[in-house]
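Novice: model the following, please.
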Amino acid sequence: MSKTQRILITPLNWGLGHATRCIPIIDALLSAGQEVILASDGRALSLLKKEYPNLKIFELPGYEIRYEGSGMIWNIAKQLPKISRAILKERKAVKKIVEKEKIDVIISDNRYGCRNKQCKNIFITHQVNIAIPNRSLEIITNKINHHLINLFDECWIPDFEGENSLAGKLSNNNKDHQFIGPLSRFNRKELKKEYDLIAVLSGPEPQRSILETKLIEQLKALDFKSLIVQGKTEKLESFEISDQLKTVSYLTSEDLNEAILKSEIIIARSGYSTIMDLVALGKKAILIPTPGQTEQEYLAERLMDQQLFYHQSQNTFDLKNALKESSKYPGFNHSKSSQYSLSTILKKNLEI
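Specialist: Sure thing, here's the model as predicted:
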């Protein structure tokens, strides 16, 4: 028999992708009459507060990861003590939330510390396998990653299983993990063109700001009607850089959905949530991986090899050339068929 449960959803604050891909899960649970409580930190927390002003939302300790330079391994290695402390702190914070709110289920999107023995614990990730250039280090890292994932009762992978996989080797697994299909907050519909180009920014600082500066400099030299969505959710601000170029700090899901559909082409990071959004929208895009973030570099190269999207590195980004080359790449110009029903998966796994 179905029942109402109190469900805590905790997306990682590493860019906005983890929070945005939880939106369809939150909406489906609310539509099913479940009690949803949210917890995160930073810009992800700000986004959730704006999307769900009537839900109870808690702040978790932040990981506060920064990307200085292009060496991901060194970047993360030197921040491991800080990350480990944050995971321990979030376990304590989650324990308090569970006890106070009488939580039945925790759905953690890539927050390893968001689990509690009193609840059913579900981990969401597309990175069952973490890509690292050094093979020995990759093996060690993934043993740790698999151990931490296995501490949860279930692992949900937001991807197609098999040959239609979006994440490729990142989501391949030999465990009893469940593929739930791509997750996107966006919907496809026909709208009149308003922009030649929209840039949707996200990700850790200072790389987000570095890319924004490059885009503004190059867009000012082009006669393109363009919009830059900065991904800064703290405060709503907009600026007219020129007659043709505007920036806005953030847009709600509905407004961003429409702005993207009104644009000829998108510029974005090659984060996995962005890839899932591109499946949902069927738009062309130029992808720019965050420097040193091997997951984004792998996804961008994989999609370019598949003749779907053009990508350039941030360090050598040339907008004129990117626009010319991207015309050869159609993107996901037709809907990928999916046998996955999110509402059915939630009903089956959560008994709601």
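Novice: wouldn't A167 be in contact with L303 here?
Specialist: No: with contact defined as CB atoms under 8 Å, A167 does not reach L303; the gap is 10.7 Å. Just so you know, the C-beta spots here come from the backbone N, C-alpha and C atoms, and that holds for glycine as well.
Novice: so what sits against both of these two?
Specialist: Common neighbours of A167 and L303, using CB atoms under 8 Å, 6 or more residues apart in numbering, are I275.
Novice: residue contacts, I260?
Specialist: 186, 198, 200, 266, 277, 281, 283.
Novice: if you could redo that for K102, that was the one I meant.
Specialist: Contacts of K102 (CB under 8 Å, 6+ apart): R6.
Novice: for it, give its distance to G271.
Specialist: Note on K102: its distance to G271, by CB to CB, to the nearest Å, is 34 Å.
Novice: cool, and G62?
Specialist: Distance check for G62 against G271: by CB to CB, it reads 19 Å.
Novice: and the two? Which one has more around it.
Specialist: Per other CB atoms under 10 Å, whichever of G62 and G271 has more neighbours is G271, with 26 against 16.
Novice: so the more buried one sits against L201, correct?
Specialist: No: shown here, G271 and L201 do not form a contact pair, counting by CB under 8 Å, at 10.9 Å.
Novice: what about L281, how many neighbours?
Specialist: For L281, the count of nearby residues is 20 (other CB under 10 Å).
Novice: show the pLDDT at it.
Specialist: We have a pLDDT of 93 for L281.
Novice: show me what contacts it?
Specialist: Here L281 is in contact with 184, 186, 188, 257, 260-261 (criterion: CB under 8 Å, 6+ apart).
Novice: where in the stretch 51-200 of the chain is pLDDT low?
Specialist: 64-80, 174 (pLDDT under 70).
Novice: in it, which spans are strands?
Specialist: With strands called from DSSP state E, counting those that start in this stretch, the stretch 51-200 of the chain shows them at 57-59, 105-109, 120-124, 154-157, 178-179, 195-200.
Novice: now do the second one: which elements does it pack against?
Specialist: The one in question is strand 105-109. strand 6-11, helix 17-31, strand 120-124 (3 or more CB pairs under 8 Å, 6 or more residues apart in numbering; DSSP states H and E).
Novice: partner strands of that strand and their direction?
Specialist: Using DSSP bridges, strand 105-109 pairs in its sheet with strand 6-11 (parallel), strand 120-124 (parallel).
Novice: what does the first one rub up against?
Specialist: To tie it back to what came earlier, the one meant is strand 6-11. 18-19, 21-22, 25-26, 29, 34-40, 44, 48, 60, 90, 94, 97-98, 101-111, 114, 119, 350.
Novice: out of those, which are buried?
Specialist: 18-19, 21-22, 25-26, 29, 34-40, 44, 48, 60, 90, 94, 97-98, 103-111, 114, 119, 350 (16 or more other CB atoms under 10 Å).
Novice: hmm, back to that, please work out which of the strands paired with strand 105-109 is packed deepest.
Specialist: Of the strands paired with strand 105-109, the one with the most neighbours on average (mean count of other CB atoms under 10 Å) is strand 6-11, at a mean of 26.
Novice: shaky segments in the stretch 201-350 of the chain?
Specialist: Using pLDDT under 70, the flagged stretches of the stretch 201-350 of the chain are 334-339.
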